[in-house]
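>>> I would like the atomic coordinates for the input below:
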Amino acid sequence: MKRLLTLAASALALAATPAVAQTMAITGVNVAKGDGSEPIENGAVVVENGKVTYAGPASGMPEVAMPLVEAPPGTWVTPGLFATVTTLGLWDVGAVSESNDTRAGDSPFNAALDVSRAINPDSQHIKIHRAAGVTRAATLMGSTGSIFGGQGALIDLGADPDPVTEARAFQIVQLGEAGARLAGGSRVASYAEFANALREAREAANGRWDAESAMLTRADAEALVPVVTGRQKLYVMVERAADIRGVLDLKREYRALDLVLVGASEGWMVAPEIAAAGVPVIADGLDDLPSSFEQLGSTQSNIGRMVAAGVKVGINASAMENPRNLNQYAGNLVALTRIPGADGLSWGQAFAAISSVPAEISGLGGRAGVLAPGAAGDIVVWDGDPLEVGSVPMQVYIDGVAQPLENHQSRLRDRYRDLDESDLPKAYDW
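Residues are numbered from 1 along each chain as shown. Presented below is the predicted three-dimensional model:
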């Protein structure tokens with residue numbers, strides 16, 4: 001059995017080989033499986049042909065005829081982070097409209113918009129987040145001219161030209177304050193627009209489309225057919241407790257809807273009702289102060305209280321374009337458990353909320369965000385506890401392929417480490 005002495009040596013060896021799925025075993029590390037269990041000391045992870053085949057105590061690792069990586073002391077191995085509700089791959093410079101595909105307010109279409117057509121695998125935002133340990137994401141547009149925001153895609157952040165794992169994975173609808181503004185100024189109007197859209201989609205599904213009386217374009221109505229038939233998830237952006245109850249009422253009226261609540265700042269106030277309905281939630285990591293009237297009940301204990309009530313909750317980054325801080329949000333929720341009167345998460349629960357739980361909500365349960373036999377070989381090797389603010393990835397694998405971690409930010413960091421003033425100004429020495 002070939003034995004590589006250090007993880008760094010292994011990474012260099014892999015970087016010299018073609019971008020193919022690796023077969024390897026990493027041992028003597030702290031292993032977080034991502035399934036809600038607590039970390040395993042002196043653990044091991046085995047990846048064969050791009051798939052995880054073992055994750056657990058090193059003492060139980062099967063005999064393997066493959067490179068064995070002995071990592072430095074204090075090393076952690078986890079599944080890749082799964083970022084939900086992002087705009088990764090859809091923009092380069094936010095203030096430059098020509099490079100920004102996150103909004104389509106002037107488009108005649110809304111539900112029919114398909115973000116998978118516009119994702120740029122060479123985006124620096126993808127490269128930066130890959131270096132931060134994010135290996136998969138759900139990406140979507142911001143607002144359109146309608147309460148419907150179009151169809152989001154599931155992507156991987158690998159350094160290859162094919163980022164889309166699943167196109168048209170979910171549809172987005174804005175209710176609450178944002179939906180009210182888009183529908184004409186009132187929540188009443190947004191619910192009327194939503195109900196009408198579902199009715200017209202049903203008509204399109206049943207071949208009774210009437211173009212003269214319809215408010216939707218035919219393309220939008222047809223795009224909503226998978227939603228009304230339950231074949232496509234519907235992400236509902238909503239914050240206020242009363243609005244959450246209204247969405248749950250829709251679930252009772254339209255039984256086929258596969259709903260996911262997004263935001264849910266006041267979810268803790270109706271947590272038993274959400275749990276009883278079996279509707280998962282993607283919640284901002286730390287909403288502790290209200291930024292609007294629909295978030296007056298915001299509290300850092302929101303996620304902890306929902307999880308305690310039995311709600312499946314994945315953590316979202318408050319800034320859709322910058323989810324690389326997910327592990328810090330999760331770490332803060334662990335810290336809350338040490339504050340009297342606050343409700344946080346255990347270490348295992350917090351890490352699952354940024355790995356396996358968002359993967360399950362997105363439809364990739366058991367295939368991503370977890371170290372389990374048969375799961376994708378999305379592996380992140382950290383230099384310390386990933387929920388501690390100072391820890392960073394040393395190596396990232398996606399589907400077992402070692403990924404480059406260089407990006408604009410890392411190059412700028414390296415470029416300005418040298419402050420020797422005898423050199424020409426850096427601007428002249430590219």
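
>>> what does the helix or strand that contains residue 82 rub up against?
Taking DSSP states H and E as the definition, residue 82 sits inside strand 81-86. By C-beta atoms under 8 Å, 6 or more residues apart in numbering, the list of residues contacting strand 81-86 from outside reads 129, 132-140, 235, 262, 282, 314, 316-317, 320-321, 323, 326-327, 354-356, 358-359, 361-362, 364, 368-369, 380. (Glycine included, C-beta is placed from N, CA and C.)

>>> can you give me the buried ones in that strand?
Across strand 81-86, burial judged by 16 or more other C-beta atoms under 10 Å covers 81-86.

>>> quick check: longest strand in this structure by residues?
Looking across the chain with DSSP state E, the single longest strand is strand 164-174.

>>> follow-up on the earlier one: narrow the contacts of strand 81-86 to those in strands?
Among the contacts of strand 81-86, DSSP E puts 134-139, 235, 262, 282, 314, 316, 380 in strands.

>>> now for the buried residues of strand 81-86: which two are most distant?
81 and 85 (13.6 Å; C-beta to C-beta).

>>> in which helix or strand does the residue lying closest to residue 310 once chain neighbours are set aside reside?
Distances taken as C-beta to C-beta, 6 or more residues apart in numbering place residue 275 nearest to residue 310, at 3.9 Å, with adjacent residues excluded. Assigned by DSSP H and E, residue 275 belongs to helix 271-277.

>>> which parts of that helix count as buried, going by neighbours?
Result for helix 271-277 [16+ other C-beta under 10 Å]: buried residues 271, 273-275, 277.

>>> quick check: closest non-adjacent residue to residue 198.
Using C-beta to C-beta, 6+ apart, the nearest residue to residue 198 is residue 228, at 5.4 Å.

>>> that neighbour: neighbour count?
22 (other C-beta atoms under 10 Å).

>>> any idea how far residue 166 is from it?
In this view, residue 228 and residue 166 are 20 Å apart by C-beta to C-beta, to the nearest Å.

>>> repeat for residue 107
23 Å.

>>> can you list the low-confidence ranges for this structure?
Scanning the chain for pLDDT under 70 picks out the ranges 1-19, 65, 318-321, 419-430.

>>> quick one, domains of it?
Using automatic domain parsing, the domain ranges for the chain come out as 1-79+369-430, 81-364.

>>> need the winner for burial among those.
domain 81-364 (a mean of 20; mean count of other C-beta atoms under 10 Å).

>>> quick one: that one to chain centroid distance?
10 Å (C-alpha atoms, centre = their mean, to the nearest Å).

>>> verify the contact between the residue nearest to residue 198 and residue 253 for me.
No: using C-beta atoms under 8 Å, residue 228 makes no contact with residue 253, being 11.6 Å away.

>>> so the nearest residue to residue 277 once chain neighbours are set aside: helix, strand or coil?
Leaving aside its sequence neighbours, residue 277 sits nearest to residue 248 (C-beta to C-beta, 6+ apart; 5.0 Å). Classification of residue 248 by DSSP: H, G, I helix; E, B strand; the rest coil places it in helix.

>>> hang on, residue 155 in a strand?
Yes: per three-state DSSP, residue 155 lies within a strand segment.

>>> tilt between whatever helix or strand residue 126 lives in and strand 81-86?
Taking DSSP H and E as the criterion, residue 126 maps to helix 124-131. Using axes from the mean of the first three to the mean of the last three C-alpha atoms, to 10 degrees, the inter-axis angle of helix 124-131 relative to strand 81-86 is 150 degrees.

>>> which helix runs longest in this structure?
Scanning the chain for the helix with the most residues, using DSSP state H, yields helix 187-205.

>>> name the next helix or strand downstream of it, please.
For helix 187-205, the following helix or strand on the C-terminal side (DSSP H and E) is helix 218-228.

>>> now for that following helix, which elements pack on it?
strand 148-156, strand 164-174, helix 187-205 (3 or more C-beta pairs under 8 Å, 6 or more residues apart in numbering; DSSP states H and E).

>>> make CSV out of the ones you listed and add distance to residue 77.
Formatted as CSV, the helices and strands packed on helix 218-228 follow (distance: least, C-beta to C-beta, whole Å):
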stretch, distance to residue 77
strand 148-156, 19
strand 164-174, 22
helix 187-205, 44
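
>>> taking the centroid of this protein, which residue is nearest it?
By C-alpha atoms, centre = their mean, the mean C-alpha position of the chain lies nearest to residue 83, the distance being 1.7 Å.

>>> distance of that residue relative to residue 89?
Taken as C-beta to C-beta, the span from residue 83 to residue 89 is 11 Å.

>>> now swap in residue 100 and tell me
Counting by C-beta to C-beta, the gap from residue 100 to residue 89 is 12 Å.

>>> for residue 333, same thing?
In this view, residue 333 and residue 89 are 27 Å apart by C-beta to C-beta.

>>> next one: residue 313
Distance from residue 313 to residue 89, by C-beta to C-beta: 25 Å.

>>> then residue 110?
Separation of residue 110 from residue 89 (C-beta to C-beta): 20 Å.

>>> look up phi and psi at the nearest residue to residue 92 once chain neighbours are set aside.
Among residues not flanking residue 92 along the chain, residue 99 sits closest, at 3.8 Å (C-beta to C-beta, 6+ apart). The phi/psi pair for residue 99 (degrees, to the nearest 10) reads phi -110, psi 10.

>>> and the end-to-end length of stretch 123-142?
Taking C-alpha to C-alpha, to the nearest Å as the measure, stretch 123-142 stretches 18 Å from start to finish.

>>> quick one: residue 166 and residue 156 touch, right?
No: counting by C-beta under 8 Å, residue 166 does not reach residue 156; the two are 10.3 Å apart.

>>> all good on my end, thank you.
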